[in-house]
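Participant: Got a predicted structure here, sequence first:
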Amino acid sequence: MPRIPTPNSVLTASETTIPAGVQVAWTVKLILQSAHKTIAGIPDLTQWPVSNKYYMKRIRSTILLCTVIIATLQMHAIVNPDIETIRKRVISELTTPDVRENYVRELIATLHPDGTWPGIDYVDTTRTAFEHTRHLANIVQMSRAYRKKGSPLAGNKALKKALSSALDYWLTHDFICENWWNNEIGTPSDLTTVLLVMDQDLSKEQIEKTSVITGRAHIHAWGARQSGDRIKIAGIQAKNALFKRDTEQFGMLMHVIEGEIRFVPENERGLQYDYSFHHRDDRVNNTLSYGLGYADTFAEWADYVAGTPYQFSEKPLQLLVDYYLDGICKMMVFGKYPDPGATNRDISRPRNHHAAGTHSLERLLRVTAYRADELNEIVKIRRDEASPTFSFGAFYWLTEHYVHQRPGYFTSVRMFSSRVRNMEEPYNGEGLTNHHRGDGANYLSLRGDEYFPIAPVYDWQKIPGATILQKPVLPSENEIQKAGLTDFAGAVTDGKYGVVGFDFISPHDPVKARKAWFFFDKEYVCLGAGIMSASHMPLVTTLNQSKLTGDVFAGQGNFETTLPRGEHVQSDVAGGWLFHDQTGYIFPSSARIVLSMQAQTGSWSKINRQTNSSREEIGMDVFKLWIDHGVRASNAGYSYIVMPVATMADVKKAAANQAVEILSNTSALQAVRHRGLNIVQAVFYQNGEITFVDGIRLSVDSPALIMVGIDEAGSIRRLAVSDPTRKLGKIHLRFSRKLDVATTADDVQTHWNIRESNTEIAVSLPQGGYAGKSVTVEFQ
């Protein structure tokens with residue numbers, strides 16, 4: 001057995017294990033060569049005297065020796081049939097992608113005699129470069145072309161010679177990147193693929209040297225800390241164990257991978273209790289990056305080992321399905337496209353701007369029947385075989401992220417707090433302009449392609465939903481990630497509707513604002529109050545910045561018009577509206593708005609310093625709408641209503657006869673009532689009181705987020721509450737109505753105060769890893 005390297009060591013060639021099948025082949029070859037030499041020393045058999053016992057004895061001894069050794073070798077070469085089954089599954093998948101025949105032939109033709117390709121910088125090993133990955137990708141392509149059944153280049157001698165030369169070049173130089181990820185994940189993963197696909201078509205020396213490099217991916221490596229990387233590294237090491245047919249090590253690694261699918265204790269890295277994912281101690285939302293890789297790796301191995309003794313148990317499988325559906329898919333537009341608000345530096349990668357695939361979903365459907373209908377619906381949506389039907393509101397309280405979906409649209413709010421940092425750091429020179437994307441970002445998607453294509457030309461100081469000081473230039477990239485300066489950030493939801501409250505204090509600029517969002521079916525309301533700026537630079541709140549799609553229409557009272565391209569300023573839009581891309585923007589109160597409909601220019605290299613980022617200047621037409629608060633804003637505010645998936649007639653009608661009523665928009669209380677749904681939502685920044693339908697009075701004795709459902713008769717039927725500060729054990733409320741809880745619950749106590757004619761309610765709040773989660777109470 002090979003030793004397992006420590007975090008600061010690597011395997012040497014003498015310590016690697018050659019696969020059993022290869023060992024047998026080489027040993028039998030040596031035996032036959034030895035036997036040939038032995039027999040060669042015996043005279044011609046026709047010349048032997050029958051009585052020559054010496055030579056007969058020598059022959060019998062040689063035959064017996066060969067028989068015993070070969071039988072022994074065959075006994076040791078017996079392999080575990082389950083390991084062979086899994087090994088074949090892995091190799092089958094590695095060779096599944098199509099062979100790019102013309103591309104591979106070009107690789108053969110352009111390979112230099114020393115095993116290098118033109119156009120690859122083999123010198124720069126920094127974390128923003130390391131073009132060496134292209135060299136490895138080429139070797140993987142060539143391996144697949146050589147071994148894949150039906151490949152036009154299968155067994156091609158020129159291909160094998162070129163592949164061997166390119167591999168030897170890498171093995172000779174053993175390139176190490178400044179970024180540990182390449183050394184412990186990227187490079188070992190590619191070379192493990194080469195080992196499994198080429199197998200005995202590699203020389204003994206190539207296998208030994210390659211195994212040294214692939215051995216850097218092991219569960220004691222520095223990068224294998226608890227996070228999205230540990231499960232990936234374990235997966236690479238497991239593939240190496242399959243290559244070596246190391247049954248003991250493979251079993252241990254399957255136990256490690258299965259054990260990674262679990263909720264982690266509070267403030268640790270990994271899968272959180274709210275189904276979000278944290279990769280680092282900064283608590284930044286990594287659900288759609290490291291968290292997606294985490295889920296994909298587990299689904300991969302669950303599929304590989306299904307039906308074998310290594311099969312995973314049902315409990316982690318069900319937890320993974322829950323995470324995939326309630327975490328990953330709910331943070332995606334219709335479960336198909338990444339929510340821009342949930343992305344980090346990956347928003348600056350051109351290759352990330354596409355719909356998600358179905359591979360992991362199909363794997364899960366093969367290994368468990370749990371929530372199969374929901375998994376199948378996402379599969380059909382991603383294949384464009386079905387339209388979305390899901391409607392939900394969900395808050396990830398450990399990540400400060402709210403999502404809201406209806407069959408026709410998806411929107412979200414991203415916040416940060418004293419508990420969660422605002423944004424991922426710009427690791428490896430990516431995401432260089434992400435300073436304000438956590439400042440209450442409120443992206444709206446009807447299709448899923450509204451934002452990603454325009455990343456190179458984006459105005460990164462006009463983030464939808466955010467209130468941002470307009471500086472001449474953004475601060476240094478080293479100033480992107482900041483700790484939050486407020487405890488008050490949260491949401492309350494009953495699973496369908498929701499309200500979000502954010503006591504925003506900018507860590508970058510002298511700006512404060514109380515911001516709230518109220519989400520319903522056909523519209524959502526955005527309020528801002530107590531907006532303060534101590535700067536001489538303009539302060540704006542952006543409603544949207546997306547691709548310009550078609551004409552833009554505007555109206556106020558009986559006036560309406562189609563706006564020409566360019567920039568437009570309107571000083572007083574009270575009662576007015578705008579319409580663009582099936583979405584209406586209604587302005588209930590006075591505001592100075594600015595609309596830009598024109599080309600913006602930029603390049604990928606301005607937001608991503610990786611050497612493969614294009615420096616080509618590109619232009620794109622952009623729709624950009626914002627409210628101008630002016631300079632040195634003092635107690636400013638805003639209110640606007642967004643109507644997605646609407647017609648212009650719908651918007652005009654809603655502007656004239658609004659379904660929502662703004663009950664309060666102050667720095668102490670922001671509240672909205674939806675007349676049609678009979679829902680009241682409120683953000684209390686401190687203890688306070690509000691009066692709504694038929695004189696019903698609600699008061700609370702602390703900061704709180706509240707949602708009240710009222711039936712047609714005017715009776716209160718539902719209450720949802722949460723603590724945006726995560727400091728409270730209970731929330732105490734009083735209603736000027738007699739209320740009885742529908743079912744007895746330990747976390748809710750009610751008392752009818754006859755003297756004051758109100759119902760006193762005490763709601764016990766979730767604690768620990770569940771602090772910030774909503775509590776819903778039903779009344780009779």
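Facilitator: All right, it came through fine. Computed from a predicted structure; not experimentally measured. Residues are numbered from 1 along each chain as shown.

Participant: What about the closest residue to A221 other than its chain neighbours? Give its phi and psi, please.
Facilitator: Spatially, and ignoring its direct neighbours in sequence, A221 is nearest to E184 (4.9 Å; CB to CB, 6 or more residues apart in numbering). C-beta here means a position set from N, CA and C on the backbone, and glycine is covered the same way. With angles defined as degrees, to the nearest 10, E184 shows backbone torsions of phi -110, psi -10.

Participant: for E184, what are its contacts?
Facilitator: 216-217, 221-224, 229, 233 (CB atoms under 8 Å, 6 or more residues apart in numbering).

Participant: Of those residues, just say which sits nearest to D346.
Facilitator: D346 lies nearest to D229 out of these, by CB to CB, at 15.6 Å.

Participant: okay, now the closest one: neighbour count?
Facilitator: Around D229 sit 23 other residues, with neighbours defined as other CB atoms under 10 Å.

Participant: Check which helix or strand it maps to.
Facilitator: Under the criterion DSSP states H and E, the helix or strand holding D229 is helix 228-244.

Participant: Which other helices and strands does that helix contact?
Facilitator: Applying 3 or more CB pairs under 8 Å, 6 or more residues apart in numbering; DSSP states H and E, one finds that helix 228-244 makes contact with helix 81-94, helix 187-198, helix 204-214, helix 247-259, helix 290-304.

Participant: quick one: the residue nearest to A221 and D274, what's the gap?
Facilitator: E184 sits 29 Å away from D274, going by CB to CB, to the nearest Å.

Participant: How about A742?
Facilitator: The span separating A742 from D274 equals 26 Å under the rule CB to CB.

Participant: about what we covered before: among the contacts of E184, name the buried ones.
Facilitator: Among the contacts of E184, those scoring as buried are 216-217, 221, 223-224, 229, 233 (criterion: 16 or more other CB atoms under 10 Å).

Participant: Among these, which pair sits farthest apart?
Facilitator: With distances taken as CB to CB, the most widely separated pair in these is R216 and D229, at 13.0 Å.

Participant: ok so, going back, between A742 and D274, point out the one with more neighbours.
Facilitator: Looking at A742 and D274 with other CB under 10 Å, you find the greater number of neighbours at D274, namely 21 against 12.

Participant: in a strand, that's where the more buried one is, yeah?
Facilitator: No - counting by DSSP: H, G, I helix; E, B strand; the rest coil, D274 falls outside a strand, being coil.

Participant: tell me the centre residue of the chain?
Facilitator: Per CA atoms, centre = their mean, the C-alpha nearest to the average position across the chain is that of L288, at 0.9 Å.

Participant: Which of the three states applies to W517?
Facilitator: Three states are possible here, and by three-state DSSP the one that applies to W517 is strand.

Participant: which ones are touching it?
Facilitator: Remark: with contacts taken as CB under 8 Å, 6+ apart, W517 is in contact with 402, 413, 442, 465, 499-500, 524-527.

Participant: from those residues, which would you call buried?
Facilitator: 402, 413, 442, 465, 499-500, 524-527.

Participant: CA atoms only: put stretch 565-574 into CSV for me.
Facilitator: Only the C-alpha atoms of stretch 565-574 are listed here, as CSV (Å, rounded to 0.1, in the frame of the first residue of the first chain):
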residue,chain,number,x,y,z
ARG,A,565,-33.0,56.8,-27.7
GLY,A,566,-30.8,58.9,-25.4
GLU,A,567,-31.1,60.2,-21.9
HIS,A,568,-34.2,61.7,-20.4
VAL,A,569,-34.8,63.5,-17.1
GLN,A,570,-38.2,64.0,-15.4
SER,A,571,-38.4,66.1,-12.3
ASP,A,572,-41.8,65.1,-11.0
VAL,A,573,-43.2,61.7,-11.9
ALA,A,574,-45.9,61.3,-9.2
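
Participant: Identify the residues contacting it?
Facilitator: For stretch 565-574, the external contacting residues (CB under 8 Å, 6+ apart) are 554, 556, 576, 587-598, 621, 628.

Participant: tell me the mean pLDDT for it?
Facilitator: Mean pLDDT, computed over stretch 565-574, is 95.

Participant: Please identify the buried residues of that stretch?
Facilitator: With the criterion 16+ other CB under 10 Å, stretch 565-574 contains buried residues 568, 573.

Participant: Next: stretch 382-402.
Facilitator: 382, 388, 390, 393-402.

Participant: What of stretch 631-640?
Facilitator: When burial is assessed from 16+ other CB under 10 Å, stretch 631-640 yields the following buried residues: 633, 636-640.

Participant: okay, these in TSV with distance to V104 and pLDDT next?
Facilitator: Written out in TSV, the entries for those read as follows (distance: CB to CB, whole Å; pLDDT from 0 to 100):
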residue	distance to V104	pLDDT
A633	61	96
A636	62	97
G637	63	98
Y638	58	98
S639	60	98
Y640	56	98
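
Participant: Thanks a lot, catch you later.
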